[in-house]
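# Here is my input; please provide its structure:
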Amino acid sequence: MGARRLLSMPPIVIPAPTETPVGRHGSQPFIAADVGGTHARLGLVQVRSGGKVDVLEYRRYACAEYPSLAAIIDDFAAAFGADRTHAVVAIAGRLEGDVLINANLPWSVSVERTRRDAGIAYLALLNDFEAVACAMPYIDVAAMTRVCGPLQGGEGPALVLGPGTGFGASLCLPRTVQHGVPLRVLASEAGHASLAVGTSRELALLERLLQRWPHVDNERVLSGPGLVNTYRALCELDGAHPTLDTPEAVTSAAQAGHDPRAVESLKLFCALLGSLAGDLALTFGADAVYLAGGIPAQIRPFLLESDFATRFLNKGVLGEVLTRVPVWLVDHGQLGLVGAAAWYYERHSGF
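Model prediction:
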């Protein structure tokens, strides 16, 4: 996919429910899911009045071990005796009609076929990082780690970024004071926008990657597979033999200091993530930035000691603006699942 304007993936609900599981006094338990390129996290959730999400049952699935999304939903519903009337799925990618466009999932997704094969009466799909953004108002600040900036930001938009199997990004807009209006979130495909580099070493890396792909986007570096891409490219540049072939191997070797090119790969990852976070914060006037996704939490100590903050602020005269923008690391394994449930609740509760 190429770069896109910052647009929300149009959520699909099939068919439109005539009865909903949620009301002013909370919800009946229903299925919520967060599906990424590697893992699918499913929960039987219940939403209290006011939006607090309780995860009653939870299971994580390896996507590649199942033939379809429907098979995963069916397995979960059967395992926990979950009601199949309502389900909401936050999923990586972008809907084009009934079909999900995604480069990282092991199978294709048709919304109607998924609903039918899983035996779900009402199925809603939304972008996974739209769901993550929807979860932010429900996450306690005590569960976050401050990366840089002040303890509090303004009341403007909040930027949510998540490097994992891919690279997710969304913008959470300030909640309107109008009664009953859901939180507004803009999902994006910022991971497929062109990678911008800032040092001679990064330029050499980019030139090496351009020999493999005609378009080098952020996801080619700022993702799990991107870490492996960077490591291999650095080995090629230095005439070294690569010995690591998975994101886990690269991050483990880097944090242990066992492989100099693994260390450099993770340093470049943190620096380029900081640079992109600063670019997007300026582009959209964000008053806070949240780092989610699978990788940041796994490399927390390394990230906090890296050049992330320096590169985040390295924006010329506008660097002063970004000193007032806090950046938080969010470590919440069920974040997308909670956000999907909150998204569904806000649109069907009549609160």
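
# Which pLDDT value belongs to the closest residue to residue 190 other than its chain neighbours?
In space, and not counting its chain neighbours, residue 190 is closest to residue 169: 3.9 Å by CB to CB, 6 or more residues apart in numbering. C-beta coordinates here come from the backbone N, C-alpha and C atoms, glycine included. As predicted, residue 169 sits at a pLDDT of 90.

# Equivalent analysis for residue 103, please.
76.

# And for residue 315?
Predicted confidence (pLDDT) for residue 315: 97.

# Let me know how buried it is, in neighbour terms.
16 (other CB atoms under 10 Å).

# give me phi/psi at it?
The phi/psi pair for residue 315 (degrees, to the nearest 10) reads phi -130, psi 40.

# Quickly note the distance from the closest residue to it other than its chain neighbours to residue 202.
Counting by CB to CB, 6+ apart, residue 278 is the residue found nearest to residue 315 once chain neighbours are left out, at 5.4 Å. When distance is defined by CB to CB, to the nearest Å, residue 278 is 15 Å away from residue 202.

# Compare the two (neighbour count), which wins?
Per other CB under 10 Å, whichever of residue 278 and residue 202 has more neighbours is residue 278, with 26 against 18.

# Run through the residues that contact that one.
For residue 278, the contact set (CB atoms under 8 Å, 6 or more residues apart in numbering) comprises 311, 312, 313, 314, 315, 322.

# and if we set it to 7 Å?
If you count contacts by CB atoms under 7 Å, 6 or more residues apart in numbering, residue 278 has them with 311, 312, 313, 315, 322.

# cool, residue 43 as well?
32, 55, 57, 58, 334, 337.

# hmm, 6 Å instead?
32, 55, 58, 337 (CB atoms under 6 Å, 6 or more residues apart in numbering).

# So the third one, which state does it fall into?
Right, residue 58. strand (DSSP: H, G, I helix; E, B strand; the rest coil).

# Return the distance of it relative to residue 192.
31 Å.

# so residue 86 bridges to which residues?
Here residue 86 sits in beta bridges with residue 122, going by DSSP bridges.

# What is the burial count for it?
Other residues close to residue 86 by other CB under 10 Å number 25.

# Quickly note the distance from it to residue 104.
Distance from residue 86 to residue 104, by CB to CB: 27 Å.

# again with residue 46
30 Å.

# what do you get for residue 164?
Residue 164 is 9 Å from residue 104, by CB to CB.

# okay, these two: which has more neighbours?
residue 164 (24 against 19).

# And for the closest residue to that one other than its chain neighbours, the neighbour number?
Leaving aside its sequence neighbours, residue 164 sits nearest to residue 294 (CB to CB, 6+ apart; 3.7 Å). A count of neighbours around residue 294, defined by other CB under 10 Å, yields 19.

# surely residue 294 meets residue 166?
No. At 10.0 Å, residue 294 does not count as touching residue 166 under the criterion of CB atoms under 6 Å.

# Can you name the element that comes right after the longest helix along the chain?
Determined from DSSP state H, the single longest helix within the chain is helix 260-284. Downstream of helix 260-284, the first helix or strand assigned by DSSP states H and E is strand 288-291.

# Out of the contacts of residue 43, give me the two with the largest separation.
32 and 58 (10.0 Å; CB to CB).

# So if I had to pick from these two, which one is more boxed in?
Counted by other CB under 10 Å, residue 32 and residue 58 do not tie: residue 32 has more neighbours, with 33 against 16.

# Now do the buried residues in the strand or helix carrying the more buried one.
Per DSSP H and E, residue 32 falls inside strand 30-35. By neighbour count with 16 or more other CB atoms under 10 Å, strand 30-35 contains the buried residues 30, 31, 32, 33, 34, 35.

# Nearest to residue 96, out of the contacts of residue 43: which one, please.
residue 32 (23.5 Å).

# State whether that closest one and residue 47 are indeed in contact, as I suppose.
No. Look at residue 32 against residue 47 with CB under 6 Å: they stay out of range, at 9.3 Å.

# Report the set of residues contacting both of those two.
What both residue 32 and residue 47 touch, as defined by CB under 6 Å, 6+ apart, is the set residue 341.

# ranges for the strands of the stretch 51-200 of the chain?
53-62, 86-91, 94-96, 99-101, 122-127, 144-148, 158-163, 167-172, 185-187 (DSSP state E, counting those that start in this stretch).

# Using TSV, please lay out those together with distance to residue 307.
As requested, the strands of the stretch 51-200 of the chain are exported to TSV (distance: least, CB to CB, whole Å):
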stretch	distance to residue 307
strand 53-62	33
strand 86-91	31
strand 94-96	32
strand 99-101	34
strand 122-127	30
strand 144-148	11
strand 158-163	16
strand 167-172	19
strand 185-187	28
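
# Go through those strands and name the closest to residue 213.
strand 167-172 (15.1 Å).

# And that closest one, what does it pack against?
Judged by 3 or more CB pairs under 6 Å, 6 or more residues apart in numbering; DSSP states H and E, strand 167-172 is in contact with helix 128-135, strand 158-163, strand 185-187.

# ranking those by burial, who's on top?
The highest mean neighbour count among those, using mean count of other CB atoms under 10 Å, belongs to helix 128-135: a mean of 30.

# now what about that helix, what contacts it?
By CB under 6 Å, 6+ apart, helix 128-135 touches 90-92, 160, 162, 168, 170, 172, 183, 185, 187, 292, 335-336, 338-340, 342-343.
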